[in-house]
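**Q** Got a sequence here, can you build the structure:
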Amino acid sequence: MLDYFELNAAGEPAALMLWLHGLGADGRDLEPVAEMLALAQVRHVFPHAPVRPVTINRGLAMRAWFDIAAADLRWQEDRAGILESARQVQELASALRGESGLPVVLAGFSQGAVVSLAAASLGVPGLRGVAALSGYVPEFLRPALAGLQTRVFMAHGEQDEVVPYVLGRAGCDALKEGGLEVEWRGYAMPHAICRQEIGDLAGWLAGLLGRA
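**A** Next up, the predicted model:
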């Protein structure tokens, strides 16, 4: 099972949220974002991706949810790597949810956004929603996500130089065409997370977790 650390809720938790970091980072990278949400009744869990060689970075080993072959993310999608990580996230979420019975939210940045969506497509017990930040939807994953009964928050920087804005938006459109309920937000920023985005995410989560 994936290694992880967590931030406990203040008092009795009402939801479980798993955060998946981006390429070359680790779970600690998204801890400040979770803290800024100021949702006291959420138990935040931060898994660490395995260390693996990454082709685009000259084969250097680093924490990565899957391999990236080139700057064009649509070229040689690492389907096996994405699904392997998705199964690991599914396993962790299922185990943690089994202990608590809490509703689950998956959230990820960049690579973590891709794997969050892939894990949702495999089926996560108690899944209430997915927050995909500065990510995209691989072509092979789109049919598996069609008709998924979960809500999605997608946010992206309009000056993103790593995952182009148009690629993120195309993924949003594909999910909507597949029948998913998606809230899309764009921001004047590069490949990053901004304060306004965190506020919008907090509002979406409050509405999501307040629904029956």
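**Q** biggest helix in the protein by residues?
**A** If you go by DSSP state H, the chain has its longest helix at helix 79-100.
**Q** So for that one, what gets flagged as buried?
**A** Buried residues in helix 79-100, defined by neighbour count with 16 or more other C-beta atoms under 10 Å: 81-86, 88-90, 92-93, 96-97. In this view, the C-beta of every residue, glycine as well, is placed from N, C-alpha and C.
**Q** quick one: which of those residues is nearest I68?
**A** G81 (9.3 Å; C-beta to C-beta).
**Q** Now do the spatially most central residue of the chain against G210, distance only.
**A** Central residue of the chain (C-alpha atoms, centre = their mean): G108, 2.3 Å from the mean position. Plainly put, G108 is 22 Å away from G210 if you go by C-beta to C-beta, to the nearest Å.
**Q** can you pull out the helices in this structure?
**A** Ranges of helices within the chain are 31-37, 79-100, 111-122, 142-145, 165-177, 195-210, based on DSSP H.
**Q** Just say which of those is most tucked in.
**A** Compared across those, helix 111-122 shows the largest average neighbour count, a mean of 27 (mean count of other C-beta atoms under 10 Å).
**Q** quick one: contacts of it?
**A** Residues from elsewhere that reach helix 111-122, judged by C-beta atoms under 8 Å, 6 or more residues apart in numbering: 18-23, 30, 49, 64-66, 68, 82-83, 85-87, 89-90, 93, 106-108, 127, 130-138, 141, 144-145, 148, 150, 152, 154.
**Q** Please repeat the previous calculation with a cut-off of 7 Å.
**A** Residues outside helix 111-122 that contact it (C-beta atoms under 7 Å, 6 or more residues apart in numbering): 20-23, 64-66, 82-83, 85-87, 89-90, 93, 106-108, 127, 130, 132-138, 141, 144-145, 148, 150.
**Q** For D72, give its distance to G112.
**A** From D72 over to G112 (counting by C-beta to C-beta), the distance is 20 Å.
**Q** can you put the buried residues of helix 79-100 in CSV and add distance to D173 and pLDDT?
**A** Formatted as CSV, the buried residues of helix 79-100 follow (distance: C-beta to C-beta, whole Å; pLDDT from 0 to 100):
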residue, distance to D173, pLDDT
G81, 25, 97
I82, 20, 98
L83, 23, 98
E84, 27, 98
S85, 25, 98
A86, 22, 98
Q88, 29, 98
V89, 25, 98
Q90, 26, 98
L92, 30, 97
A93, 27, 97
L96, 32, 95
R97, 30, 92
